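Engineer: quick one, fold the following:
(2 chains)
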Amino acid sequence: MMNFIKYGVLLLLLFSGIQSLKGQNADELLQTMDALIAAPKDKEASVKMIMTNKSGKQKIREAKMLQKGMYKRLYRYTKPEDKIGMATLSLPDGKMWLYMPSYEKPIKITLFSKSQAFTGTDFSHEDMSGIPYNERYTPTLVTSDIENTFLLELSPKIKRVKYSKILVYIDKANKYPIKMKYYNKSNKFEKVATYIFGQKNNYWYAQEVFMTNIKSEHSTRIILTDVKFDQDLNDDEFTVEKLME
Amino acid sequence: MKVQKIAEKIVTLKWVTMVIVIVLTLFLGNQLKYLSVNADILQSLPDDDVHAKLLKRIAENFGGNNMGVVILETDNVYQTKVLEQVRSITDSLVELEGIASVSSLTNIIQIKGDDYGIEVGTLVDEYELPEDTEDLEHLKKNVMSNEMYKGTIVSEDGTSTLIIFTLENDVDVALVAAKVIEVTKEIQTTEKLYYTGSPMLVSAISNLMRRDLTILLPIAFLLIAFVLYLSFRSVVGVVLPLITAAIAIVWSLGIMSLLGYKMSMISNNIPIILLAIGSSYAIHVINRINRQKLSGAKRDISVSLSLVLVPIVLAAITTGVGFISFIFGAYLEMIVEFGILGTGIACFLSIFFVPAIIEIFGSGKNNKKLRERKKSLILDTFLGQVTTLLFKYPGKIVITWVIVLCLSLLGIFSIERKVDIQEYFKKDNPTRRAEGIMVDKFGGTKPVFVLFKGNVKSPEFLQKMIQTAEYMEKSPDIYTSMSVAKLVTEINLAISGKREIPNEIEKIEQLWFLIDGNETLERLVNEDLTEGIIISKFKSPDNNSKKRFASYMNTFIKANSTATCEIEITGMPFVDITMDRSLIRSQIGSIVIALIFMVLIVGVFLRSWWQGVLASVPIIASIIILFGIMGLTGISLNIATVLVASVALGIGIDYSIHIISQFKQDMQTTGELKWAIENAINISGKAIIINVISVTIGFLVLLFSEMVPLQYFGLLIGISMLSSGLGALTLLPAIIIVLNKRKIN
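Structural biologist: As a prediction, this is how the structure comes out:
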């Protein structure tokens, strides 16, 4: 009888240990992924956005992107012709400035709803926010159905998030995401994003992200080229005055 | 004797007929399960109507402008619990398959400017609904100060709010409508919900029609069976007319399904019409066979058949002509095609199937019994009295008819035409209540679209849109409108403080950055940005208001449409006008053309133009009475009641044909006018009376229908049957007697 209790206690300890280890692993994994995405001090790249609708019709936008840390980002549009000179500046706390040359003044845009689409794309403002996932979601490690990946199931930590669940497939070897499945408030599969990661100057970065909306069959492909890291970008690059240049 | 030979051949083919009928019924009956109901009113509109065509094109090009509405009615919309319910409904609808977009108080976009820039967001914070009085008051103030919300999303009195959804193209409208009701009911709101807008409305109609057809049609069958039993006192006499009608219905609907047609709001009437036509032909054949048996003749079936063959084929052709004449009413194409098909099938079954069954199974009575019963039959006594009266007072009978017709003519001038869908529902029906709320508080439900072709982003184009909208909104029936131009104006106001379209194209192109990809935009402009629309709603159900509005708008469009900015207008008020015109044209045109054809056909068959004209007299009389009653009682002419005249025309002329052809046969054999008239009334009169009573009783069941037009349809068919039967039995012989008084004396 004593032996039975001893083994029982041992098993219980082992089991709870595995559970906490699993929880810890999931947290660590998500933090590692967030850290990997946020690793460069700053980033400079040419961005191409290809929006494709259900019938296959495409719209293409191109911009120069500057990013410092996770929260300061500037897009200066170079294509199409009618968007040349337009620029957006995203600053911490969801502040966003838009410069339209024809109005000759910067306009501050307060985004009340981050769940809305980022102008014409399939990414919501929340998707583009750059806020680390571990600040918004609690991860659980589940069995992955894709080889050589970990699968994290993210559930919201805070009220103001668009998704009820995100499934993140993380590459086992390098810990970057290769696929994310987004579920809406009613737990229905809404969007899927696939990532192609590349490495430059010891940094892993998403060379290409392909987001598809399941219901509307609309998709957006974002391709990054001429990527440069750690160019010591000055904070002055991310000011409203600079936006107008 | 050719006819006699054909009749004999038909009877010898009895087993072939049986096999064909059974096989085809099984095969086509099996097709019925694939027959779907197309509740989409847009699909049932004809392509040769320019307004209907443009309406369909707009629905295809502008992201599902087939709009449905859930109305939430409460004492005060500005309460957290109400907003929670609106949010739940909105969220559930967003996820439904087949729904392209949902717009409501809890997700509608808000762009507003202040000293620091612009705020882009939703009118209500989707994560934190306003809870305290101050926030709710603020929301109310926001709604009331913006015409994009006031009277569009929330009623001015704050008692109703709308959850508006648009359907994707090529979806099963009825299925989506049913799902909308299902998911919104699951939410168990404390407030009242109503459903309206074209998908919900048409779906409600088809549900009610289906209910009516499944409950009332069997009752009508039973009542007709009862009358037939009283008349023929035999199983065959009851079953055969009904089975003929049932098979005609199964075949017609089966062929419809096989050819890929769908049941529409209009073709829903086909089974009821075929019940009337299908049973009528069989009654005449059975009656003739019974009569022949009474006389104890041998080879009775082929002889009987030879005697009714010509009148039945003739009756079928004239009924077909009654349908063909509806070609003038483009909206009734399906009825034309399947009316003719069904009539042909009913004719075939009466000639081939009915004699085959009687030949194989017998008529269920022996001749002796029949002869014994002959004298006691009420019908025969009644017909005897009719004949006596006819010969005694032929002039007075004609005068009585003339007086009735004069009174009816007075009524014809006050016939109302109504094409409004609201008229389909009884006053206490929730769908009618929903329509009422929409008209009283949200400026109606009838969509109006103004289409602009040109460069959507050019200032001239957008300014023209604004001018048109301003002009349109001056009409008393237009409450508000929505367009991309208004959206651009609102954003320009937020940025520059000026509620106007910027004069520079660059500004517009850059403003577009803020609205690009927005769901609302898909409903307002096409993908290539070469077309844009103004969406609005028309309030009045009145036809004259619609015509006034059409002429008001057409004047503006004529003066303002240019090569660089072409303007066209369409919408339900315009379709209604065409439908209304089509009703009138189809009625006048169909009656005139059908009568000319009928006189010609009957004249050719009976080899006498005079008899052709005579045959048409009772039917003209019955149609005058029909329209007279409609005018005097205020029953309006609509897409359901417009069919009554066709059925009355088709079946009514049959009665005269039977009387005249019998009269002609007797005249040829005996040359005695008086005897020929008496015999025609006695022989054909019985079938006519049985037919009139059975069909009338069957159709009066429709008085208990949930659908107002079906109630009237039943009543009017009953009236038409009675008047055309009575016309054939009294007016027609009375005219013959009056014209041949000398010969008879």
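Engineer: stretch B:685-703: which residues count as buried?
Structural biologist: Across stretch B:685-703, burial judged by 16 or more other Cβ atoms under 10 Å in any protein chain shown covers B:685-702. Yep, even glycine has a C-beta here, placed from its N, CA and C like the rest.
Engineer: revised request: answer the last question for stretch B:595-608.
Structural biologist: Applying 16+ other Cβ under 10 Å to stretch B:595-608 flags B:595, B:597-599, B:601-603, B:605-606 as buried.
Engineer: all helices of chain A, in order?
Structural biologist: A:2-37, A:125-128, A:133-136, A:240-243 (DSSP state H).
Engineer: and stretch A:93-102, anywhere near chain B?
Structural biologist: Yes. Shown here: stretch A:93-102 in contact with chain B (Cβ under 8 Å from any Cβ of the partner chain) through A:97-98, A:100-102.
Engineer: could you pull up the residues touching the residue most central in space within chain A?
Structural biologist: For chain A, the residue nearest the mean C-alpha position is A:Asp127 (5.2 Å; Cα atoms, centre = their mean). Counting by Cβ atoms under 8 Å, 6 or more residues apart in numbering or on different chains, A:Asp127 touches A:118, A:193, A:211.
Engineer: now do B:Glu423
Structural biologist: Counting by Cβ under 8 Å, 6+ apart, B:Glu423 makes contact with B:541, B:636, B:638, B:708-709.
Engineer: repeat for A:Phe238
Structural biologist: Contacts of A:Phe238 by Cβ under 8 Å, 6+ apart are A:66, A:68, A:72-74, A:89, A:91.
Engineer: same question for B:Leu54.
Structural biologist: Counting by Cβ under 8 Å, 6+ apart, B:Leu54 touches B:449, B:451, B:568, B:570.
Engineer: repeat the analysis, applying 6 Å as the threshold.
Structural biologist: Contact analysis of B:Leu54 by Cβ atoms under 6 Å, 6 or more residues apart in numbering or on different chains lists B:Thr570.
Engineer: for B:Asn560, see how far away it is.
Structural biologist: 18 Å (Cβ to Cβ, to the nearest Å).
Engineer: stretch B:578-586 - what's its average pLDDT?
Structural biologist: Stretch B:578-586 shows a mean pLDDT of 72 in the predicted model.
Engineer: for stretch A:108-117, same thing?
Structural biologist: So the average pLDDT for stretch A:108-117 ends up being 64.
Engineer: where exactly do the strands run in the stretch 451-600 of chain B?
Structural biologist: Using DSSP state E, counting those that start in this stretch, the strands assigned to the stretch 451-600 of chain B run over residues B:478-482, B:531-538, B:566-571.
Engineer: quick one: buried residues of the second one?
Structural biologist: Just to be clear, that refers to strand B:531-538. B:531-538.
Engineer: and which of these is nearest to chain A?
Structural biologist: Nearest to chain A among the buried residues of strand B:531-538: B:Glu531, at 15.1 Å, using Cβ to the nearest Cβ.
Engineer: could you find the closest non-adjacent residue to the closest one?
Structural biologist: Nearest residue to B:Glu531, sequence neighbours excluded (Cβ to Cβ, 6 or more residues apart in numbering or on different chains): B:Lys453, at 5.4 Å.
Engineer: count of neighbours near that neighbour?
Structural biologist: 17 (other Cβ atoms under 10 Å in any protein chain shown).
Engineer: now A:Pro80
Structural biologist: By other Cβ under 10 Å, neighbour count at A:Pro80 equals 12.
Engineer: now A:Phe150
Structural biologist: 22.
Engineer: B:Ile111 looks like it's in a strand, true?
Structural biologist: Yes. Checked against DSSP: H, G, I helix; E, B strand; the rest coil, B:Ile111 lies within a strand.
Engineer: list the contacts of it.
Structural biologist: Taking Cβ under 6 Å, 6+ apart as the test, what B:Ile111 contacts is B:120, B:491, B:494.
Engineer: ok, of those residues, which one's closest to chain A?
Structural biologist: B:Val120 (5.4 Å).
Engineer: hey, what's that closest one bridged with?
Structural biologist: A:Leu111, B:Ile111 (DSSP bridges).
Engineer: same check on A:Glu208?
Structural biologist: A:Ile196, A:Ile223.
Engineer: count the neighbours of the residue in chain B that chain A sits nearest to for me.
Structural biologist: At 2.5 Å from chain A, B:Gly121 is the closest residue in chain B, using Cβ to the nearest Cβ. Neighbour count for B:Gly121, taken as other Cβ under 10 Å: 19.
Engineer: which pLDDT value does the model give it?
Structural biologist: Note on B:Gly121: pLDDT of 72.
Engineer: cool, B:Gly344 as well?
Structural biologist: For B:Gly344, pLDDT reads 90.
Engineer: what stretches of chain A score poorly on pLDDT?
Structural biologist: For chain A, applying pLDDT under 70 flags the ranges A:1-24, A:110-117.
Engineer: can you map out the strands along it?
Structural biologist: A:42-52, A:58-68, A:72-79, A:87-91, A:95-100, A:105-111, A:137-142, A:149-156, A:165-171, A:177-183, A:189-200, A:203-213, A:219-229 (DSSP state E).
Engineer: dump those strands to JSON lines, plus distance to B:Val303.
Structural biologist: Formatted as JSON lines, those follow (distance: least, Cβ to Cβ, whole Å):
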{"stretch": "strand A:42-52", "distance to B:Val303": "76"}
{"stretch": "strand A:58-68", "distance to B:Val303": "78"}
{"stretch": "strand A:72-79", "distance to B:Val303": "90"}
{"stretch": "strand A:87-91", "distance to B:Val303": "94"}
{"stretch": "strand A:95-100", "distance to B:Val303": "94"}
{"stretch": "strand A:105-111", "distance to B:Val303": "90"}
{"stretch": "strand A:137-142", "distance to B:Val303": "86"}
{"stretch": "strand A:149-156", "distance to B:Val303": "86"}
{"stretch": "strand A:165-171", "distance to B:Val303": "82"}
{"stretch": "strand A:177-183", "distance to B:Val303": "79"}
{"stretch": "strand A:189-200", "distance to B:Val303": "74"}
{"stretch": "strand A:203-213", "distance to B:Val303": "75"}
{"stretch": "strand A:219-229", "distance to B:Val303": "77"}
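Engineer: still on that earlier bit, isn't the residue nearest to B:Glu531 right next to B:Glu566, touching?
Structural biologist: Yes. Applying Cβ atoms under 6 Å as the test, B:Lys453 and B:Glu566 come out as touching, 4.2 Å apart.
Engineer: how much space separates the nearest residue to A:Ser90 once chain neighbours are set aside from chain B?
Structural biologist: Spatially, and ignoring its direct neighbours in sequence, A:Ser90 is nearest to A:Arg73 (4.6 Å; Cβ to Cβ, 6+ apart). Distance of A:Arg73 to chain B, computed by Cβ to the nearest Cβ, to the nearest Å: 16 Å.
Engineer: same deal with A:Leu243?
Structural biologist: For A:Leu243 relative to chain B (Cβ to the nearest Cβ), the value is 12 Å.
Engineer: what sits against that residue?
Structural biologist: Counted by Cβ under 6 Å, 6+ apart, A:Leu243 has contacts A:87, A:89, A:97, A:99, A:106.
Engineer: I figured the fourth one was touching A:Pro106, is that so?
Structural biologist: Yes. The criterion here is Cβ under 6 Å, and A:Tyr99 meets it with A:Pro106 at 4.8 Å.
Engineer: neighbour count: those two, which is higher?
Structural biologist: A:Tyr99 (23 against 19).
Engineer: how far away is the more buried one from B:Ala52?
Structural biologist: 47 Å.
Engineer: just to revisit the earlier point, TSV for the contacts of B:Glu423, including distance to B:Thr106?
Structural biologist: Compiled in TSV, the contacts of B:Glu423 are given as follows (distance: Cβ to Cβ, whole Å):
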residue	distance to B:Thr106
B:Pro541	31
B:Ser636	41
B:Asn638	39
B:Val708	36
B:Pro709	38
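Engineer: between those residues, which sits nearest B:Leu389?
Structural biologist: The nearest member of those to B:Leu389, counting by Cβ to Cβ, is B:Ser636 at 36.5 Å.
Engineer: okay, now the closest one: neighbour count?
Structural biologist: Neighbour number of B:Ser636 under other Cβ under 10 Å is 18.
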